[in-house]
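Colleague: what follows is a protein structure lacking sequence information:
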């Protein structure tokens, strides 16, 4: 069990709450006095910093949204003078205007610390060679892992992304032990290794830390088998700090959140109410040690759930489950929160690959209806009506037991569901409400 | 002995059946028998054609969902009880029939029937042993 900072990662719950309370109080004071945006918001809510006396008071504070970062582009939410900002990163801006984040020297230390914990959880030590194949630049992936690896004392190979042949050559010649990149690139690397006739026995690779995009357990197994490594899932977002916001340990059953720095909540995305442990909802973070860009109750729009308690690895840090969807895609049908990704996973369980599907939501009288159109693949097709009806029944039952609502299943011909460039359209909501 | 039947998934929308037959016609594929099983939302078109492989390919190229199943074609005497005799043989051999449909026959005094059964090889063997004429695939494709 390779724990980088046992005094924090294995801290008792009671001590952790005390630490979090102290840090939250400081953060609230900082933003109230330094950021007009937060001061206005708190004043509108009738709050002064003195109202926040412990971490229990967090839910009194208003939420912060990605749009707030955009509205205050580029530096409007910074809580430290620019003279103290030593680094600036920006998000890719795929879903709108870029969001800019700034770090003080101390923020860089915090970031290095949480990334060192991440790498240690994957088994890395000061003796490891860590190949950073995340892109370096405005994107936080490359430099985030880089600083954490140096902080850990490992030998960092800052190769950045791309140039697969060279990645492999260096991996072999330099004796890389730990690879950091996106899971899809890891898979691509493993396939290229295959083609080049290089097997795990020719490499010293032991582990990989993979994140920045969603991946499935099947993909994990494939990467682990092909590369002969332990594949660790990591989570991060630049607004909170970058990579290092959550990381799996070798138990691979949830990602530990360094909650002494980033305090997580799960809320109902509609009502904003905090949900109890284990329930799925929107992940919300409050950074309690950051100086450059502290965030109060930042809505990530990622769907997850939290579990508390001591992990087999010894860590007591709360764990988040793998992100299962985005609130942007959420539908409310008969009062039930439904994510298209849940339907997708039901369909994945039934066929080997997820067929194309479309959700049609309508309202008949006062009742919401859900129709799930599923394109029939050669694999699922049968020449017997009863088998196709059985298939419809199986999908219907699974959706009902997973989502708790009934749906009408309609099998449709291939390619009848419109494909668009990039993201496929998954939902048609005909309700006028 | 076994005849390759092509099944096509069709949504219940007008013009779909016409489209399938048009595609096959364009490729010079001759249909010798067909049946449609339908539900409220979809139907399954089953076809016996002279070139099953080609039919499967062209339909798939046109984005239809297609599968190929082995069926048997039998020729029974066209008189009361003619079909019953054949079905009785399968019943005694405990071979279940999933579905069946009659054929556009060109032989006089004979009725041609397509049977989709659980164990097509054994069914063909049992029928053959009991003097029911099971048509060879090549002959069926030529009809």
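Modeller: Okay, I see it. Keep in mind it's a predicted model, so treat the numbers as computed, not measured. Numbers count the residues shown, from 1 in each chain, chains lettered A, B, ... in the order given.
Colleague: contact residues of chain B facing chain A?
Modeller: B:5, B:7, B:9-11, B:16, B:37-39, B:41-42, B:44, B:46, B:60, B:63-67, B:69, B:98-99, B:116 (Cβ under 8 Å from any Cβ of the partner chain). For the C-beta atoms, the positions are set from N, CA and C on the backbone; glycine is no exception.
Colleague: now, of those residues, which are buried?
Modeller: B:5, B:7, B:9-10, B:16, B:37, B:42, B:44, B:46, B:64-67, B:69, B:99, B:116 (16 or more other Cβ atoms under 10 Å in any protein chain shown).
Colleague: just the residues you listed: which are in helices?
Modeller: residue B:16 (DSSP state H).
Colleague: chain B contacts on chain A?
Modeller: A:376-378, A:381-385, A:388-389, A:410-416.
Colleague: of the buried ones among the residues of chain B next to chain A, which pair is most distant in space?
Modeller: B:16 and B:116 (22.0 Å; Cβ to Cβ).
Colleague: element containing the residue of the stretch 301-433 of chain A found nearest chain B?
Modeller: Per Cβ to the nearest Cβ, residue A:383 is where the stretch 301-433 of chain A lies closest to chain B, at 3.6 Å. Using DSSP states H and E, residue A:383 falls within no helix or strand.
Colleague: pLDDT value on residue A:347, please?
Modeller: According to the prediction, residue A:347 has pLDDT 83.
Colleague: wait, it sits on residue A:395?
Modeller: Yes - Residue A:347 is in contact with residue A:395 according to Cβ atoms under 8 Å; the separation is 7.0 Å.
Colleague: of those two, which one has the most company?
Modeller: Using other Cβ atoms under 10 Å in any protein chain shown as the criterion, residue A:347 and residue A:395 rank with residue A:395 on top: 24 against 21.
Colleague: contacting residues for the more buried one?
Modeller: By Cβ atoms under 8 Å, 6 or more residues apart in numbering or on different chains, residue A:395 lies in contact with A:346, A:347, A:350, A:372, A:374, A:409.
Colleague: selecting buried members of these in ChimeraX, what would you type?
Modeller: Here is the ChimeraX command that picks out the buried ones among the contacts of residue A:395, judged by 16+ other Cβ under 10 Å:
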select /A:346,347,372,374,409
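Colleague: so which of the contacts of residue A:395 sit within strands?
Modeller: Residues of those located in strands (DSSP state E): A:372, A:374, A:409.
Colleague: can I get these in CSV including distance to residue A:134 and pLDDT?
Modeller: Listed next are the ones in strands among the contacts of residue A:395 as CSV, based on distance: Cβ to Cβ, whole Å; pLDDT from 0 to 100:
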residue, distance to residue A:134, pLDDT
A:372, 37, 93
A:374, 36, 91
A:409, 41, 94
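Colleague: quick revisit: which neighbours do residue A:347 and residue A:395 have in common?
Modeller: With Cβ under 8 Å, 6+ apart as the test, residue A:347 and residue A:395 both reach residue A:374.
Colleague: for residue B:102, which non-adjacent residue is spatially closest?
Modeller: For residue B:102, ignoring the flanking residues on the chain, the nearest one in space by Cβ to Cβ, 6 or more residues apart in numbering or on different chains is residue B:113 at 5.6 Å.
Colleague: what of residue A:34?
Modeller: Residue A:34 sits nearest to residue A:79 (Cβ to Cβ, 6+ apart), 4.3 Å away.
Colleague: can you check residue B:62 too?
Modeller: Per Cβ to Cβ, 6+ apart, closest to residue B:62 is residue B:23, 5.6 Å.
Colleague: so that neighbour sits against residue B:56, correct?
Modeller: No - taking Cβ under 8 Å as the definition, residue B:23 is not a contact partner of residue B:56, at 11.7 Å.
Colleague: just the ones of the residues of chain B next to chain A in strands?
Modeller: B:5, B:7, B:9-11, B:37-38, B:42, B:44, B:46, B:66-67, B:69, B:98-99, B:116.
Colleague: what are the bridge partners for whatever residue of chain B ends up closest to chain A, then?
Modeller: Per Cβ to the nearest Cβ, residue B:7 is where chain B lies closest to chain A, at 3.6 Å. Judged by DSSP bridges, the bridge partners of residue B:7 are residue B:46, residue B:67.
Colleague: hey, where'd the strands end up in the stretch 151-300 of chain A?
Modeller: Secondary structure of the stretch 151-300 of chain A by DSSP state E, counting those that start in this stretch: the strands cover A:155-157, A:178-181, A:207-210, A:230-237, A:242-248, A:255-256, A:262-267, A:281-287, A:298-304.
Colleague: where in chain A is pLDDT low?
Modeller: Residues of chain A meeting the criterion pLDDT under 70: A:1, A:92-96, A:352-355, A:419-425, A:433.
Colleague: outline the domain layout of it.
Modeller: A:71-327, A:330-429 (automatic domain parsing).
Colleague: what's the spacing between the last one and its chain's center?
Modeller: Spelled out, it's domain A:330-429. Using Cα atoms, centre = their mean, to the nearest Å, the distance from the centre of domain A:330-429 to the centre of the chain it belongs to is 25 Å.
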